[in-house]
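# Provide a 3D model corresponding to the input given below.
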Amino acid sequence: QVQLVESGGGLVQAGGSLRLSCAASGRTFSTYVLGWFRQAPGKEREFVAAISWSGGRLYYADSVKGRFTISRDNAKNTVSLQMNSLSPEDTGVYYCAADSSPGRTNWRGSYGYWGQGTQVTVSS
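Presented below is the predicted three-dimensional model:
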């Protein structure tokens with residue numbers, strides 16, 4: 001069982017930066033693939049980024065490549081998402097997700113554990 005709690009969301013102007021964090025409980029955290037998804041009002045939850053259990057493999061949605069960076073610290077049971085050059089299109093609720101063996105890292109249905117989400121609002 002894994003419990004996830006996100007933090008770091010807020011209101012930022014376009015071009016600004018935010019860093020999201022997700023704290024996880026569970027002794028097997030280091031063996032889980034971790035992902036970030038987001039959901040804008042009226043839209044489906046979409047993939048943002050994911051990281052393998054070792055941190056050696058990183059996956060990004062095309063829309064965030066070069067702007068967002070995912071990282072993890074297995075010693076602290078945390079995963080982070082550094083978001084730079086934010087635009088209003090990045091607005092939404094950001095969710096942390098985890099799974100021991102997701103079939104597809106960019107598909108929300110692959111993840112069995114989810115946090116409650118943190119709101120990110122980017123003003124123009």
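
# tell me the contacts of S101?
V33 (CB atoms under 8 Å, 6 or more residues apart in numbering). For glycine as for every other residue, the C-beta is placed from the backbone atoms N, C-alpha and C.

# swap in the one 4 residues further on?
Applying CB under 8 Å, 6+ apart, we find T105 in contact with 33, 35, 47, 50, 59.

# could you look up the SS state of it?
Secondary structure assignment for T105 (DSSP: H, G, I helix; E, B strand; the rest coil): coil.

# same question for S21.
Secondary structure state of S21, per three-state DSSP, is strand.

# how near is it to Q119?
Applying CB to CB, to the nearest Å, the value for S21 to Q119 is 14 Å.

# R27 now?
R27 is 30 Å from Q119, where distance means CB to CB.

# show me which of these two is the more surrounded one.
Q119 (12 against 9; other CB atoms under 10 Å).

# what is that one paired to in the beta sheet?
Note on Q119: beta-bridge partners V93, judged by DSSP bridges.

# for it, give me its contacts.
Residues near Q119 by CB under 8 Å, 6+ apart: 9-10, 92-94.

# now the one residue sitting closest to the centre of the chain: which helix or strand?
By CA atoms, centre = their mean, the mean C-alpha position of the chain lies nearest to W36, the distance being 2.1 Å. In the assignment (DSSP states H and E), W36 maps to strand 33-39.

# what is that strand packed up against?
With contacts defined as 3 or more CB pairs under 8 Å, 6 or more residues apart in numbering; DSSP states H and E, strand 33-39 has these neighbours: strand 18-25, strand 46-51, strand 68-73, strand 78-83, strand 92-99.
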